[in-house]
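Participant: only geometry, no sequence info:
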Ligand SMILES: N[C@H](CCC[C@H](N)C(=O)O)C(=O)O
């Protein structure tokens, strides 16, 4: 399945235990010799929700959550297109999902991602700092671009840079430098965002444990929250990524709502 090209293998593990070793995940995620995916997702039973979603990155590391995958899991759990709200738990917190429309291989889902983490401890950072304007020196770069990003947690850590022209950013070179920067003890997902107008953002992402992906749902949420914190947009915007757009709202109750598509590529047995 995929959400705007951010692709996953989604395993329904509610009947049988599924605990793959990191090197098995890395082998499966290899796009040349394996199946190929950005994240591996397992759907498990949940004590007090409709399901628990477990996430591993392509590098085999387990992580807290994944926004695009939440839409895919919601669609899978609710593919008869009945209009109900699902509670899907993750290591990064509980979410509420509504599948707005579904047919045999596509759908649209809206996820209440809960509240963003804005304190340095939420991200987490290795030292106390104003998360709205991080003082971050990146490798040999010392241009204003690489200073004062915004840190936001959506259950997983994000570092958002605002740039004048995203076409000039070497996402791989810069993103890979920041991913394991000592300021982020749990590493970090890195977004580069250009404000097109008060309702529209263009964003590219270097994901922790996966590299450049076509889209990042939690990254789009973090980008909108960061832009609103900086007064660059209002509390709602369309975030355009390489794989397509997501509509993000930071609601008055402090919850972040992400709405976007779901696509099934194939089904099988792992
Ligand atoms: N693509 C995912 C984010 C995965 C983040 C993962 N790379 C991490 O280490 O947190 C999304 O749509 O939210």
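Facilitator: Done, it's in. Bear in mind the structure is a predicted one, so any value in this text is a computation, not a measurement.

Participant: Hmm, residue 235 is touching residue 254, no?
Facilitator: No - counting by Cβ atoms under 8 Å, residue 235 stays clear of residue 254, with 10.0 Å between them. Where you see a C-beta, it was placed from the backbone N, CA and C, and this is true even at glycine.

Participant: Which of the two has more residues huddled nearby?
Facilitator: The residue with more neighbours, out of residue 235 and residue 254, is residue 235; 14 against 11, by other Cβ atoms under 10 Å.

Participant: What separation do you get for that one and residue 71?
Facilitator: Using Cβ to Cβ, to the nearest Å, residue 235 is found at 21 Å from residue 71.

Participant: show me the contacts for the residue nearest in space to the middle of the chain.
Facilitator: Nearest to the geometric centre of the chain sits residue 218, at 3.0 Å (Cα atoms, centre = their mean). Neighbouring residues of residue 218 by Cβ atoms under 8 Å, 6 or more residues apart in numbering: 65, 66, 67, 113, 154, 155, 156, 158, 189.

Participant: need the residues of the stretch 101-250 of the chain near the ligand, please.
Facilitator: 156, 189, 207, 208, 209, 210, 213, 216, 217, 218, 219 (Cβ under 6 Å from any ligand atom).

Participant: Can you verify my assumption that the third one contacts residue 216?
Facilitator: To tie it back to what came earlier, the one meant is residue 207. Yes - between residue 207 and residue 216 a contact is recorded at 5.8 Å, counting by Cβ under 8 Å.

Participant: who has more neighbours, the two?
Facilitator: Neighbour totals were compared for residue 207 and residue 216, and residue 216 leads with 35 against 28 (other Cβ under 10 Å).

Participant: what about residue 167, neighbour count?
Facilitator: So residue 167, with other Cβ under 10 Å, has 8 neighbours.

Participant: Now do it against residue 197, distance only.
Facilitator: 17 Å.

Participant: now residue 166
Facilitator: Taking Cβ to Cβ as the measure, residue 166 and residue 197 are separated by 14 Å.

Participant: now swap in residue 228 and tell me
Facilitator: 14 Å.

Participant: When the two are compared, which one has more neighbours?
Facilitator: Legend: neighbour count by other Cβ under 10 Å for residue 228 and residue 197, higher for residue 228 (18 against 8).

Participant: what's the closest non-adjacent residue to the more buried one?
Facilitator: Of all residues not flanking residue 228 in the chain, residue 235 sits nearest, at 5.1 Å (Cβ to Cβ, 6 or more residues apart in numbering).

Participant: who's in contact with that neighbour?
Facilitator: 224, 228, 249, 250, 251.

Participant: Using CSV, lay out the residues you listed together with secondary structure.
Facilitator: Putting the contacts of residue 235 into CSV (DSSP: H, G, I helix; E, B strand; the rest coil) gives the following:
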residue, secondary structure
224, helix
228, helix
249, strand
250, strand
251, coil
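
Participant: tell me which of those is nearest to the ligand?
Facilitator: Taking Cβ to the nearest ligand atom as the measure, the ligand lies nearest residue 224 of these, at 13.0 Å.

Participant: excluding its backbone neighbours, what's nearest the closest one?
Facilitator: Closest residue to residue 224 apart from its sequence neighbours, by Cβ to Cβ, 6+ apart: residue 248 at 4.0 Å.

Participant: ditto for residue 3
Facilitator: Once flanking residues are discounted, residue 3 sits nearest to residue 68: 2.9 Å by Cβ to Cβ, 6+ apart.

Participant: show me what contacts that neighbour?
Facilitator: Contacts of residue 68 (Cβ under 8 Å, 6+ apart): 2, 3, 4, 6, 8, 215, 216, 217, 260.
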